[in-house]
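**Q** Dropping a prediction and its sequence here:
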Amino acid sequence: MGRQVPLVDYLVLGEQPHLEANECTSCGARYFDRRNACASCGATSFHKAAITTEGELRAYTIVSMAAPGVPVPFVAAVIDCDGTSIRANIINTEPDPENVKLGMKVRLATYTVGTDDEGTEAIGFGFAPLEAPDGNR
């Protein structure tokens with residue numbers, strides 16, 4: 001296996017992949033993009049905070065039309081991970097309302113987005129259901 005690189009800066013790869021947010025040291029607000037100031041309190045000091053890898057589906061839509069080259073359908077979602085909202089796709093399940101339910105438990109999962117000529121893999125993330133629609137794991 002070649003080298004792996006995360007598709008986004010806030011995806012931390014390794015034995016236990018996880019997301020890492022920039023957390024305001026004054027109020028605790030979390031952001032995945034780089035910030036010069038906190039949108040909640042205006043403070044300018046941040047530190048890295050690991051985000052739990054399990055969460056709950058809060059909102060979703062099944063996308064049936066996308067930019068050229070983007071496979072459809074897919075499930076775009078908002079996941080709540082202990083109070084941190086994450087926008088991500090639901091993966092490893094059919095994009096069908098029978099398989100995707102508000103409140104369902106999900107877990108961070110990584111996958112290979114592409115591989116370059118040197119064998120370096122770009123790694124993306126999504127969230128996969130913890131249980132099958134029939135209640136089985």
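**A** Looks like it came in fine.
**Q** in the protein, what spans have low per-residue confidence?
**A** Under the criterion pLDDT under 70, the flagged ranges of the chain are 1, 132-137.
**Q** which residues in it form strands?
**A** With strands called from DSSP state E, the chain shows them at 4-6, 11-12, 18-24, 30-31, 46-51, 54-63, 74-81, 84-90, 105-115, 121-129.
**Q** quick one: which of those strands is nearest S40?
**A** When those are compared by Cβ to Cβ, strand 18-24 sits nearest S40, at 6.7 Å. From N, CA and C alone the C-beta is placed, and that goes for glycine too.
**Q** got the angle for the closest one vs strand 46-51?
**A** Put simply, strand 18-24 runs at 140 degrees to strand 46-51, going by axes from the mean of the first three to the mean of the last three Cα atoms, to 10 degrees.
**Q** Are there helices or strands packed against strand 18-24, and which ones?
**A** Secondary-structure packing of strand 18-24 (3 or more Cβ pairs under 8 Å, 6 or more residues apart in numbering; DSSP states H and E): strand 11-12, strand 30-31, strand 46-51.
**Q** Fine by me, we can end here.
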